[in-house]
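Visitor: model the structure of this input:
(chains A, B, C and D)
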Number of protein chains: 4
Amino acid sequence: MNFMSDNVTGAAPEVMAALAAANEGTAPSYGADALTARVEQRLAEVFGTDVAVFPVATGTAANSLALTCLVKPWGGVYTHADGHINVDECGAPEMFTGGAKLVPLPGEHGKLAPETLRGAMDKAHWGFVHCVQPMALSLSQATESGTVYSPADVRTLADLAKGKGLKVHMDGARFANAVAGLGCHPGDVTWRAGVDVLSFGATKNGALAAEAVVFFDKGLAEEFGYRRKRAGHLFSKMRFLSAQLDAYLADGLWLRLAAHANAMAARLGEGLSALPGATLRDPVQANEVFVSLPEPVIQGLEQAGFGFYRWDGQVVRLVTAWNTREEDVDALLAAARRLVGE
Amino acid sequence: MNFMSDNVTGAAPEVMAALAAANEGTAPSYGADALTARVEQRLAEVFGTDVAVFPVATGTAANSLALTCLVKPWGGVYTHADGHINVDECGAPEMFTGGAKLVPLPGEHGKLAPETLRGAMDKAHWGFVHCVQPMALSLSQATESGTVYSPADVRTLADLAKGKGLKVHMDGARFANAVAGLGCHPGDVTWRAGVDVLSFGATKNGALAAEAVVFFDKGLAEEFGYRRKRAGHLFSKMRFLSAQLDAYLADGLWLRLAAHANAMAARLGEGLSALPGATLRDPVQANEVFVSLPEPVIQGLEQAGFGFYRWDGQVVRLVTAWNTREEDVDALLAAARRLVGE
Amino acid sequence: MNFMSDNVTGAAPEVMAALAAANEGTAPSYGADALTARVEQRLAEVFGTDVAVFPVATGTAANSLALTCLVKPWGGVYTHADGHINVDECGAPEMFTGGAKLVPLPGEHGKLAPETLRGAMDKAHWGFVHCVQPMALSLSQATESGTVYSPADVRTLADLAKGKGLKVHMDGARFANAVAGLGCHPGDVTWRAGVDVLSFGATKNGALAAEAVVFFDKGLAEEFGYRRKRAGHLFSKMRFLSAQLDAYLADGLWLRLAAHANAMAARLGEGLSALPGATLRDPVQANEVFVSLPEPVIQGLEQAGFGFYRWDGQVVRLVTAWNTREEDVDALLAAARRLVGE
Amino acid sequence: MNFMSDNVTGAAPEVMAALAAANEGTAPSYGADALTARVEQRLAEVFGTDVAVFPVATGTAANSLALTCLVKPWGGVYTHADGHINVDECGAPEMFTGGAKLVPLPGEHGKLAPETLRGAMDKAHWGFVHCVQPMALSLSQATESGTVYSPADVRTLADLAKGKGLKVHMDGARFANAVAGLGCHPGDVTWRAGVDVLSFGATKNGALAAEAVVFFDKGLAEEFGYRRKRAGHLFSKMRFLSAQLDAYLADGLWLRLAAHANAMAARLGEGLSALPGATLRDPVQANEVFVSLPEPVIQGLEQAGFGFYRWDGQVVRLVTAWNTREEDVDALLAAARRLVGE
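Guide: Residues are numbered from 1 along each chain as shown, chains lettered A, B, ... in the order given. Reported below is the predicted structural model:
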C-alpha cells in the first residue's frame, strides 16, 4: 500500500488501450500525425478557447520550456519558494532560459498571497540594467502543499502581474486534481483568469509519460517548436505521446480519475486528522495529505509497510492516485487508530 | 507503403506486451525500479563488459547529454559534416554543453577517414586559450548515409582521437542495424575499439520512444544523473522506458528486428540499382538506401503513393524498418521497373 | 560633493602614472607581459602565499568567472540575500555558470551568521538529482552594508562550508576597505580562514578599471584562462590592466587609499549619527554609511547639492572614496546640523 | 622591431591625454557621463546617421554581444571560416548567444563570395525545426587576410542575406584600416550597404582597450544594455572607455593612425614581394602582410630579432600599427635583402 507519490502508479486502462490502437500502421513522425492534431482540438474544447498545444513527456520539460517563451535570460520568475520549478527541477528552468532567475516568495499553505507578490514587485528595480527584470509569474495548481487557487485567487495574482507586464505560467502537474477539487470550468482558473501558458499534466493522473504545454496566448508559442526540438523533447513517434493525451481527455476521463484520487485523499485526511495528536498541516484540496502525526504512529505505519514520505519533522506526506483503493485507505486508517490505541 | 523513415512505424509486439506487463502494480519512480536495473544488466551482457546505463526517450537527448559528459563548454567535437548532431538536432549539443563547438569534417559515404581526422587535429591550436579545444570525436553508427564503420575503422579513428586525449562518442540511433550488418560482437565496434559512450537507439527499430545512454567508461557517467534531470529527461515512471528496452534486448530481439530491416534494404537497393539509369550513391550496409533514379521514376513512384524522401537532386532516400514487408518492397520494385519500361 | 558611490571618482595619480609608463614600447599581448607577471608576484607577497592571478576589468566579471570555477551548472551558491552577485549583476553568475542557482540567505548588517548557513545546509538534499547541489559559499568583504567579517567570522563560515565540500569565494570589490578596517593581515581573512578564490577589487579604490581574480587554491584556476577568454574578458593589451594593479599594490598604496576612505566614512557616520533623529542602520566599518535621517534633512541635503542614494525609506547611503576631502565631509555635516536647527 | 600584431603597441598620445583629462573630478557611473554621450554623437557624425553606441573593452565582447542581438539560440551565423568569431574567440559567440551555430564558409583571401553565401542559403532548411535557422551574416572588415570588402561587395552580400531575413554584422576590429584603405565614407561600407551593427575597433589602432558596438538599426539595440551588464562588460567608470573613443574619433585621428599603419604595410608588402622566392599570399589592403618567404629568410629575420608570426608553412604574417616606424620597416627589408644575397 503505497502512498509515496502519484508517480508510483501505472497508467489507466483507457490510456493503455489507446497506445495499442495507435500502434497500428504507419503515421507521420514528429507530430504531423492525426492524433496530435486531435489532442490540440480536444484541449481547445476542454478550455473553451483556441490553444496551441505541444506534447512533451515530463513535467520538468513542460515547465522549463514554457518559461523560455515567457522570459529573457535576464528575466525574473516569481514563484512560491516551494514551487517545483524552484526546488525539484535541479535548475532546469535556469538552464533552458539561459540563466533567468527564480525569485522565491513565501506563502502559507503553498499559495502566494497578492500582497506578497505586490511587495516583491514594488521592490523590483524596473528598467535598471543591474538587476534581473521580473517577467513572469508561475503558479502551481494544485500547489506543492496540496491546496488550490480559486479562479478569483488566480485572477487577482494574474492581474497584479499583468499590470506590470509579466506573463503568467501555471504548473499544472496536478491540474486535473485542482479542477476536480474546485469543481470549476478549466477555463476559469486559466485563461479567463489571466494564465498565458499551462503545463497540463497527465503523467501523475493515469498516463505513462505525457504532459501538454498549452498556450492560451498563441503568440507566445511561436518559438516553442525550435525550443522543444533543441531540448531533445520532440518525439519522432509523437503519436504515442498524443495517444495518451487523447485517451486522457476523452469523455472526461482526466476529471474522473482526479476526482477519485481527491476523494481518497479527503478520506485519508479526515481519518488521520481525527486521531489524537494529529493535525493537518494544510487543508486537503486535491490528492495530497500533509499531516503531523505522533512519532509512534509514523513509525508504526512504516513498520506495517505503508509507504509515504517523511516531509519535515513529524509532518508526513501521503499521496493518492487515480487507482488508490478505498480499502487501502481504510487499512491505513485502521492501522493508525490501532497505533494510538483507539 | 511508406519508406520515408524508420520512425513512421510503430512498436514491436514484444515491446507493447512488455509495456502492458510493466503496468501492473506500483513501482519506485525515477529509475529505482527493477526493470531499469535489469536493462543495465542486459546491456552489460550484450556488450560483455560493465556499463552505466541511463534510459532517455529521444536520440537527440541521448546524444546531447552524452556529449556534455565528454566536453567542456569550450570543447570541440569532431563529427562528420552530415552527422545528426551537426545537422538535425537544432543546436541541442551546443545548448546542452553550454556552447561547445561541433567541428564538421568531410568524408565519403558518411564516414570519417583517419587522415581527415588527423589533419584536423594537426591544425588545432592545443592549449591556446583563444581557440576551442578538441575534446571529443563523435561517430554515427550506422552513418547518415546508411554505411557502417568496421571494428577496425572505429579503432583506427578512436586511437587517433585518444592519442590526443579526446573522448569517443558513438551515435547509435541505428546501432542495431550496424551490428546486424557487420555481424560482429557489439563490444567489437564499441568499447573494445575505444568508444567511451554510446547512444544506443531503440526507437527506430521497434520501440515507441526509448534510447539508452551506455557508458563504457563509467567514470564519465558521474554527472549524468544531474544533467539528465535538469534537462527534463528523467522520467518519473521510468519503468515504462525500461520496459521497452528490456523487451528489446531480450532474446536478441533487437538484432532480429534490425536484420530484417537490413535484408529489406538490401533487396530494395539491389532491385533499384539494377534499373537502367539508376546508381546507388552509397553502399547499402544497414537499413537505408540512397539511390539516384531517373526523374520519371521518382515522379512515377511518388504518384503511385510510395513514400520516400527526395534527398538531393535525383538522389532519393528509402528507409526500411523492423516490420517492412517483402511484398511492399517488391511492389515498389515492380512499379519502378514498369516506369522504366522493363 | 558627491557621495553617491566610490565609482564616481577617478583614479589615483600613481595609477595614472603607471599607465603612462606602461605605454612605452611594445609588450607581448594577452598577459604574457612583464607587468602581469609582477602583479601575480606582488599579490603572492601581499597574501603571503602562492597564488594564481587573473586580471579582469569589472567586478561582475571577476565574481562570475570565479564562481564558474567553483560550481557545476547544477550547483548552488550560498550568498547573503543582499549580495552583489545576487542583486546587482543582472544574472551574470547564472549565465556564466550555465544556470547555477544563487541561494539567498538573510543576515543582519549584511553578514551571514553561521547558524543561518548551517540551517540552509541541513535542509539541502545532498546527492538527490532533483535538487540543485550546494557547491559554494560566497561572502562579500566588505559587505553590502558597509560591515566586515573578522578573520574568525570568515573561518567559522568557511569551516562549515568546507565540512560539506563547498568551495569559498570572497567578493572583495571593497576588500581594501575591509582589510584597512580590520587592520589584519590580508591572508588572515582569506586563505588562512578558508577562502579559495578572491575577487580583489581595485576599481572603486583608485584604479580606472581593474580587478584581480586571486586563486589561493591554484588547482581551481586551471580552466580560468579559457573561461576568461570566451567571456571576452581577456585583454589584448593586458599590460594596461596590470599596470593599474601593479601601482595599486606598490608600497601599500591600496591600503593607504582605503584607510583614508574609511576615515572619511567614520567621520561622516559619527557626525550624522549625532544628529537628533538620526540612527546608523549599520556599524560603519569600511567606506559606506547607511543612516536613517529625518526627511527634512535628506531633502535639504539634496537641495544643497550633496549627492547620495536614498536606499530604503529614510535610510540613505553615503560612500566615501580614496580622494574624499575632509572639508567636503565637514561641509555636509555642517549643512545637516543647520537643517536640524543645531 | 615587433611586427607580431597591432596589439603589442601602446596607445596614441592623444588617447593618453584624454584619459588624464577624464580623470578630473567626479562623473556619473555606468555610462551616464558626458563623454559617453559625446562618443555616441561623434559616431553619428562619422557615419552620417543616427546610431546607438555601447562602449566595451574587447573585440570578443563587441562581436559576441552584438550577435546576441541578431540571432536566437537556435540561429545560424554565416561567417568566413577564418573569421575571428569562428576561430579566435574560444566559443564566445556560442556561449553568449546560448548556443547559436557559426556556419563557416570558404572564400579566397579571407572574403566571402556572393555565390558561396547564396549556395549555403539555398541548402538551408528554412522553417524546419530540426535545423538551426540562418539568422545573421557576419563579415570581417578588414578581413583576417588583410583584405577589404568594397562598398559594393558588402552591399551584394548584405542584399542576399537580407533577402532571406538575415541581419548583418560587421566585425570591424580593423575597421579604421579598412576605411583608410578604401578611401570611402564610413557609412558606405556599413549602413548604406546593409550593415545592421558594427563592432567598431579602436584597441588595435591606438587605444588601450576600447571598442564600440554601433547599432545602425537602433531597434536591435533594445536588449543590449542588459546583455552587456550580465556579461560583466558594463564599466562602472565608463568615462575611461569613452575618453579613449572620444579622442580616437576627434579630428579624424582614427583614420590618420590607420592610414599610417596601412602605408607601412604597403611598404613592407612591396619590399618583401620583390624578393626572389617571395610571394604575397593576399593583396595588402590594410595593415597586414601575408607573404610566403624562402625558409632561410624567415629564419634569418627571426635570428635578427624581428618579431612576426609563422602563419602556415612558409607564409608569415607581419602586422603594422599606428606607430610603426618607417626606419623599422626599412631595416627589416634591408635584412631580408641581405639574406637573399641581394
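
Visitor: residues near A:Ala221, how many?
Guide: When neighbours are defined as other CB atoms under 10 Å in any protein chain shown, A:Ala221 has 21 of them. Quick note: C-beta positions are derived from backbone N, CA and C, even for glycine.

Visitor: quick one: it from A:Pro93, how far?
Guide: 18 Å (CB to CB, to the nearest Å).

Visitor: and the residue of the stretch 201-342 of chain A found nearest chain B, what pLDDT?
Guide: As assessed by CB to the nearest CB, chain B sits closest to A:Gly232 within the stretch 201-342 of chain A, at 3.2 Å. For A:Gly232, the pLDDT comes out at 98.

Visitor: so how many other residues sit close to A:Met4?
Guide: 17.

Visitor: how about it, nearest residue that isn't a chain neighbour?
Guide: A:Gly307 (4.5 Å; CB to CB, 6 or more residues apart in numbering or on different chains).

Visitor: ramachandran angles for that neighbour?
Guide: Note on A:Gly307: its backbone torsions stand at phi -100, psi 130 [degrees, to the nearest 10].

Visitor: before we move on, the earlier item: so the residue of the stretch 201-342 of chain A closest to chain B: helix, strand or coil?
Guide: What DSSP: H, G, I helix; E, B strand; the rest coil gives for A:Gly232 is coil.

Visitor: from chain D, how far out is it?
Guide: Noted for A:Gly232: a distance of 12 Å to chain D, by CB to the nearest CB, to the nearest Å.

Visitor: that residue against B:Ala61, yeah?
Guide: Yes: under the criterion of CB atoms under 8 Å, A:Gly232 makes contact with B:Ala61 at 3.2 Å.

Visitor: shared neighbours of the two, anything?
Guide: Both A:Gly232 and B:Ala61 are contacted by B:Ala92, B:Ala231, B:His233, under the criterion CB atoms under 8 Å, 6 or more residues apart in numbering or on different chains.

Visitor: format those as CSV; extra columns: neighbour count and distance to chain A.
Guide: Formatted as CSV, the shared contacts of A:Gly232 and B:Ala61 follow (neighbours: other CB atoms under 10 Å in any protein chain shown; distance: CB to the nearest CB, whole Å):
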residue, neighbour count, distance to chain A
B:Ala92, 30, 4
B:Ala231, 27, 7
B:His233, 29, 7
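
Visitor: near chain C, which residues of chain A?
Guide: Within reach of chain C by CB under 8 Å from any CB of the partner chain, chain A has these residues: A:73-74, A:87-91, A:94-95, A:98-102, A:129-132.

Visitor: in strands, which of these fall?
Guide: A:Lys101, A:Leu102 (DSSP state E).

Visitor: near chain D, from the residues of chain A next to chain C?
Guide: Applying CB under 8 Å from any CB to the residues of chain A next to chain C, those adjacent to chain D are A:Pro73, A:Trp74, A:Gly98, A:Gly99, A:Val129, A:His130.

Visitor: in the residues you listed, which residue is surrounded by the most others?
Guide: Most crowded among those, counting by other CB under 10 Å, is A:Gly99 at 28 neighbours.

Visitor: so it touches C:Lys101, yeah?
Guide: No: counting by CB under 8 Å, A:Gly99 does not reach C:Lys101; the two are 10.2 Å apart.

Visitor: next SSE downstream of the helix or strand bottoming out on mean pLDDT in chain A?
Guide: Between all helices and strands in chain A, the lowest mean by mean pLDDT, DSSP states H and E belongs to strand A:309-312, at a mean of 94. Next helix or strand after strand A:309-312 toward the C-terminus (DSSP states H and E): strand A:315-319.

Visitor: contacts for stretch A:155-167 next, please.
Guide: Applying CB under 8 Å, 6+ apart, the contact partners of stretch A:155-167 are A:70-71, A:78, A:112, A:114, A:117-118, A:121, A:126, A:134-137, A:139, A:149, A:168, A:192-197, A:217, A:220.

Visitor: report the buried residues of it.
Guide: For stretch A:155-167, a neighbour-count test (16 or more other CB atoms under 10 Å in any protein chain shown) marks A:Arg155, A:Thr156, A:Leu157, A:Ala158, A:Leu160, A:Ala161, A:Leu166, A:Lys167 as buried.

Visitor: spatially, which two of the residues you listed are the most separated?
Guide: A:Thr156 and A:Lys167 (16.4 Å; CB to CB).

Visitor: stretch A:238-245 near chain B at all?
Guide: Yes: shown here: stretch A:238-245 in contact with chain B (CB under 8 Å from any CB) through A:Phe240, A:Leu241.

Visitor: C-alpha coordinates for that stretch, PDB please?
Guide: Extracted C-alpha coordinates of stretch A:238-245, given in PDB (Å, rounded to 0.1, in the frame of the first residue of the first chain):
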ATOM      1  CA  MET A 238       4.900  11.600 -31.400                       C
ATOM      2  CA  ARG A 239       1.600   9.700 -31.800                       C
ATOM      3  CA  PHE A 240       2.500   7.600 -28.700                       C
ATOM      4  CA  LEU A 241       2.500  10.800 -26.600                       C
ATOM      5  CA  SER A 242      -0.600  12.100 -28.200                       C
ATOM      6  CA  ALA A 243      -2.400   8.800 -27.900                       C
ATOM      7  CA  GLN A 244      -2.000   9.000 -24.100                       C
ATOM      8  CA  LEU A 245      -3.400  12.600 -24.000                       C
END
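
Visitor: what does that stretch contact?
Guide: A:11, A:15, A:18-19, A:21-23, A:27, A:29-33, A:35-36, A:38-39, A:42, A:55-57, A:202, A:207-210, A:212, A:235, B:11, B:208-209.

Visitor: give me the buried positions along that stretch.
Guide: By 16+ other CB under 10 Å, the buried positions in stretch A:238-245 come out as A:Met238, A:Arg239, A:Phe240, A:Leu241, A:Ser242, A:Ala243, A:Gln244, A:Leu245.

Visitor: for stretch A:282-297, same thing?
Guide: In stretch A:282-297, counting by 16+ other CB under 10 Å, buried: A:282, A:284-294, A:297.

Visitor: now intersect the residues you listed with the strands, please.
Guide: Taking DSSP E as the definition of strands, these contribute A:Glu288, A:Val289, A:Phe290, A:Val291, A:Ser292.

Visitor: the stretch 1-150 of chain A: helices as residue ranges?
Guide: A:13-22, A:34-47, A:59-68, A:84-87, A:92-97, A:114-123 (DSSP state H, counting those that start in this stretch).

Visitor: indicate which one of those is closest to chain B.
Guide: Per CB to the nearest CB, nearest to chain B of the helices of the stretch 1-150 of chain A: helix A:59-68, 3.2 Å.

Visitor: what is the rounded mean pLDDT of the helix ranked longest in chain A?
Guide: Secondary structure assigned by DSSP state H gives helix A:253-273 as the longest helix of chain A. Helix A:253-273 shows a mean pLDDT of 98.

Visitor: same thing with stretch A:153-165?
Guide: 98.

Visitor: how far does that stretch sit from the chain's center?
Guide: Here stretch A:153-165 is found 20 Å from its chain centre; the criterion is CA atoms, centre = their mean, to the nearest Å.

Visitor: what do you get for stretch A:213-225?
Guide: Worked out by CA atoms, centre = their mean, stretch A:213-225 lies 19 Å from the chain centre.

Visitor: likewise for stretch A:213-232?
Guide: Centroid displacement of stretch A:213-232 relative to its chain, using CA atoms, centre = their mean, is 19 Å.

Visitor: before we move on, what about stretch A:80-90?
Guide: Distance of stretch A:80-90 from its chain centroid, counting by CA atoms, centre = their mean, is 12 Å.

Visitor: tell me if I'm right that A:Trp191 and A:Phe47 touch.
Guide: Yes: in this structure, A:Trp191 is within contact of A:Phe47 by CB under 8 Å, at 6.5 Å.

Visitor: now do the shared contacts for the two.
Guide: In contact with both A:Trp191 and A:Phe47: A:Phe216, using CB under 8 Å, 6+ apart.

Visitor: for chain B, what are the nearby residues on the stretch 1-150 of chain A?
Guide: So the stretch 1-150 of chain A meets chain B at A:2, A:4-5, A:7-11, A:16, A:19-20, A:22-30, A:56-62, A:64-65, A:89-92, A:95-96 (CB under 8 Å from any CB).
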